[in-house]
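Participant: quick one, fold the following:
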Amino acid sequence: MCPTVDRKVPSGCSHDVRGQDASPPLLAISVMVSLAPALTATPAAAAVAPALDRYSGQKPTWKRCAADTPASFQCATVKVPLDYERPSGKQIGIAISRIRTSVTDQRRGVLLFNPGGPGGSGLKDPLVMRDSLPRKVEDRFDLIGFDPRGVGRSTPVNCGLTADEAMRFMRPYKPETFGTDVAWARSVAGKCRANEGGSIRHITTRNTARDMDVIRAVLGERKISYLGVSYGTYLGAVYTQMFPQRSDRFVLDSAIDPKRVWRGMFQVWAEGAEPAFTNWSRWTARRASTYGLGNTPAKVRQTFWDLVAQADRQPVEMAGQLFSGDDIRAHRHVFFDVRQAAETVRNFHRAASRVSAPVSEPAPVDPVDQASIGTTWSVACGDTGNWPKDPEQYRRDAIRDKARYPLFGDFASNILPCAFWGKNAEPATTIDNNVGALILQNEWDSQTPLAAGTGLRRALKGSKLVTVRGGAGHGVYHGFPNACATAVADDYLATGRLPAKDLSCQSAPRSKDAYRTPPGPALPRLPF
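Facilitator: Numbers count the residues shown, from 1 in each chain. The predicted model follows:
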């Protein structure tokens, strides 16, 4: 065992970076009996641990990240095993970055970042976040970014997908196109396996958490602090479960419910969209003179569904693009921000009312980011085995959920490549621990609705939840900052003190300019 009296890890100390999942909360009378087996290393664990020493003892070569970045922003690469059960086997690289604190007498340790995804690059996060952090936080931590396995400058994943295969993340269910959707899902899964072979099975959240612990050991830290957004909240929760004694101050912003991973997190988009749609229709009806979509909630909703039906018959042209009714429904995320939704629906409604206009040439499709889309599917499909294998189950679920959640239910439950992904490398992680953490959550978050935040709060029993009432947008601390919630997070990172109880903050009005955005792509490539 490594001594814990000092924040620095002594040289030559052995680290089992495979992780030991935290035991669930137990009655005091049974704690010692229940924990005794966990404290005894199995023969397999004893054999693997020495082989991992080569990773924890690495000495990274730090260099300036790029000629156009500050000299203080440094990058390096560390090696990790592709498969932690076979640490002497194939290795992959994890790109890491840092900005060190200059106030050494106040330094507490390291603060790692993850921006979400799965498949998001976090290498530039120290540079991005440095200007957002108050001095009392910045002084206490070296800021650490990294590209998770399979992403960016880390060893990438390449599924070899065409732009068409990668462009649409989710598709609406239609009887006449379901066969095509099944073929697409099968093709994506098959190409990922063919291009990456057995490696694809090891691009998982659990292994990324293990990589984080290698980073911790390489940096010579006994514990890490962490700021994770969106998918990064799930990654952070998994780390607390696997490495509870190495988790310091964890801020989890815009949370994923670990009990809904992963299919349920796509379906929660549909579940959360219906109350948002209802809330929007009431708000818009009170502003009938501004938006002209109806003076009662029922009339506003009818205007929207009439628009969808019209666009299904004849696509609506706007900003040089054609939008079908399904394309308009796919903008379900805008309804979490009532003003943005009113502006968007009014624009579609006006465009549908015009005489047909010439349609300009479609915008060129951006090159496919193979690493991010490949990692997205690898994590979403490979973290858990609860994806149905029978395509007909997806058909039944999509029909059922279209009736339950008309706006997006058939999108959320239609077939995805995970149906054909194959066997998981290891079981999914059950999150159930008492590690302290701070969860930040907007009430109207389109990607991780409020129910997901309360779900993570239940799983992390030592956590506290700060809810921004009326808050819209994805991301509280950085994306759509709220002064009240940010102050709580800043104080926690600086002092380690969690609030005594869950808190509510009130959202502040946003400027009108915040809503002047074009329709944009209907579905984000990176979902969380």
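Participant: what is the burial count for the closest residue to R404 other than its chain neighbours?
Facilitator: Leaving aside its sequence neighbours, R404 sits nearest to A270 (C-beta to C-beta, 6 or more residues apart in numbering; 7.8 Å). For glycine as for every other residue, the C-beta is placed from the backbone atoms N, C-alpha and C. Close neighbours of A270, defined as other C-beta atoms under 10 Å, add up to 21.
Participant: A270: which element?
Facilitator: Per DSSP states H and E, A270 falls inside helix 263-285.
Participant: so how far is L112 from A209?
Facilitator: According to C-beta to C-beta, to the nearest Å, A209 and L112 sit 11 Å apart.
Participant: check contacts around the residue nearest to the spatial centre of the chain.
Facilitator: Of all residues in the chain, the one closest to the mean position by C-alpha atoms, centre = their mean is Y231, 1.8 Å from it. Listed by C-beta atoms under 8 Å, 6 or more residues apart in numbering, the contact set of Y231 reads N114, G116, G117, P118, G120, I256, V379, P527, F528.
Participant: tell me the one of those residues nearest R249?
Facilitator: Nearest to R249 among the contacts of Y231: N114, at 14.7 Å, using C-beta to C-beta.
Participant: so which residues of the stretch 301-450 of the chain form strands?
Facilitator: Listed in chain order, the strands of the stretch 301-450 of the chain (DSSP state E, counting those that start in this stretch) span 316-318, 321-323, 437-444.
Participant: just those strands: most buried one?
Facilitator: Greatest average neighbour count among those goes to strand 437-444 (a mean of 26), per mean count of other C-beta atoms under 10 Å.
Participant: which helices and strands does that one pack with?
Facilitator: Under the contact definition 3 or more C-beta pairs under 8 Å, 6 or more residues apart in numbering; DSSP states H and E, strand 437-444 sits against helix 231-242, strand 247-253, helix 450-459, strand 463-472, helix 483-495.
Participant: quick revisit: the helix holding A270 packs against which elements?
Facilitator: Checked by 3+ C-beta pairs under 8 Å, 6+ apart, helix 263-285 has helix 297-313, helix 338-353, helix 391-404, helix 409-413, helix 450-459 packed alongside it.
Participant: residues in contact with the helix or strand following it: which ones?
Facilitator: As assigned by DSSP H and E, the chain's next helix or strand after helix 263-285 is helix 288-291. For helix 288-291, contacts defined as C-beta under 8 Å, 6+ apart pick out T284, G294, N295, A342, E343, V345, R346.
Participant: low-confidence regions, the stretch 151-300 of the chain specifically.
Facilitator: Scanning the stretch 151-300 of the chain for pLDDT under 70 picks out no residues.
Participant: counting neighbours, go ahead and name the busier of A209 and L112.
Facilitator: A direct count of neighbours by other C-beta under 10 Å for A209 and L112 places L112 higher, at 31 against 23.
Participant: the more buried one: which element?
Facilitator: Going by DSSP H and E, L112 is in strand 109-114.
Participant: let me know the next secondary structure element after the helix or strand containing T180.
Facilitator: Using DSSP H and E, T180 sits in helix 178-196. Per DSSP H and E, helix 178-196 leads on to helix 205-218 as the next helix or strand towards the C-terminus.
Participant: roughly how far is that following helix from the heart of the chain?
Facilitator: 17 Å (C-alpha atoms, centre = their mean, to the nearest Å).
Participant: also stretch 108-117?
Facilitator: Centroid separation for stretch 108-117 versus its chain: 13 Å, with C-alpha atoms, centre = their mean.
Participant: now do the end-to-end distance for it.
Facilitator: Using C-alpha to C-alpha, to the nearest Å, the gap from the first to the last residue of stretch 108-117 comes to 28 Å.
Participant: for stretch 222-239, same thing?
Facilitator: End-to-end distance of stretch 222-239 (C-alpha to C-alpha): 14 Å.
Participant: how about it: buried residues?
Facilitator: Neighbour counts over stretch 222-239 (16 or more other C-beta atoms under 10 Å) mark 222-239 as buried.
Participant: that older thread, quick one: which of the helices and strands packed on helix 263-285 is nearest R130?
Facilitator: Closest among these, once you apply C-beta to C-beta, is helix 450-459, at 26.5 Å.
Participant: show me the contact partners of the closest one.
Facilitator: Contact with helix 450-459 is made by 233, 237, 252, 254-260, 265, 268, 271-272, 431-433, 439, 441-445, 463-465, 467, 502, as judged by C-beta under 8 Å, 6+ apart.
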